[in-house]
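Visitor: pasting a predicted model and its sequence here:
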Amino acid sequence: LWQESGIERYLRNLFSELPVLCLYGDPAYAPAYGIIGPYRTTACTGLTPVQEAMNVTMSSYQIVVEWGFTNILNQFGFGEWKRNQRIGLSSVATCYALSVLLYNCQTCLRGRNQISERFKNRVRPPSLSTYLTS
């Protein structure tokens, strides 16, 4: 999905205007353009207190984001590739993207989800019509 989404190209265009901006992501994506991951210790040095504090804080946010993936798989079980999807026999990316679309539509209709509640509804989901026309 990362490669098919073209998000790295989008980030390059976006960040060319905002060079100090980046996204925090899973360490698997950290080598990608515009993505940073947690600070790591090396054989010679440990983490500074600031780096350690950032890792702890960002880890808690990463867990909240992972709730979204869990909620999608719980509500739309056909998208769970371990049980139902077979690479080469099913369109794994299409099924997952459809699950995300439907989950986001539910969130728009409800006006909230577990993640927005965790952040005390500081960012409200858009209306369904705004979401689908964006």
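Guide: Sure thing, it's come through.
Visitor: okay, CA-based contacts and neighbour counts for the rest of this
Guide: OK.
Visitor: now the biggest helix by length in the chain: buried residues?
Guide: In the chain, ranked by residue count with DSSP state H as the criterion, the top helix is helix 49-75. For helix 49-75, the neighbour count (16 or more other Cα atoms under 10 Å) marks 55, 59, 64, 68, 71, 72, 73 as buried.
Visitor: show me what contacts the residue most central in space within the chain?
Guide: Centroid check for the chain by Cα atoms, centre = their mean gives residue 65 as the closest residue, at 5.9 Å. Counting by Cα atoms under 8 Å, 6 or more residues apart in numbering, residue 65 touches residue 115.
Visitor: touching, residue 128 and residue 105? I think so.
Guide: Yes: between residue 128 and residue 105 there is a contact under Cα atoms under 8 Å: 6.2 Å.
Visitor: can you map out the strands along this structure?
Guide: Applying DSSP state E to the chain gives strands spanning 23-24, 35-36.
Visitor: reformat those strands as TSV; add mean pLDDT and distance to residue 4.
Guide: Listed next are those as TSV, based on pLDDT from 0 to 100; distance: least, Cα to Cα, whole Å:
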stretch	mean pLDDT	distance to residue 4
strand 23-24	82	18
strand 35-36	84	17
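Visitor: closest one to residue 120 among those?
Guide: Proximity to residue 120 (Cα to Cα) singles out strand 23-24 among the strands of the chain, at 20.6 Å.
Visitor: per-residue pLDDT of the residue lying farthest from the centre of the chain, please?
Guide: Distance from the centre of the chain peaks at residue 44, with 32.3 Å (Cα atoms, centre = their mean). Predicted confidence (pLDDT) for residue 44: 84.
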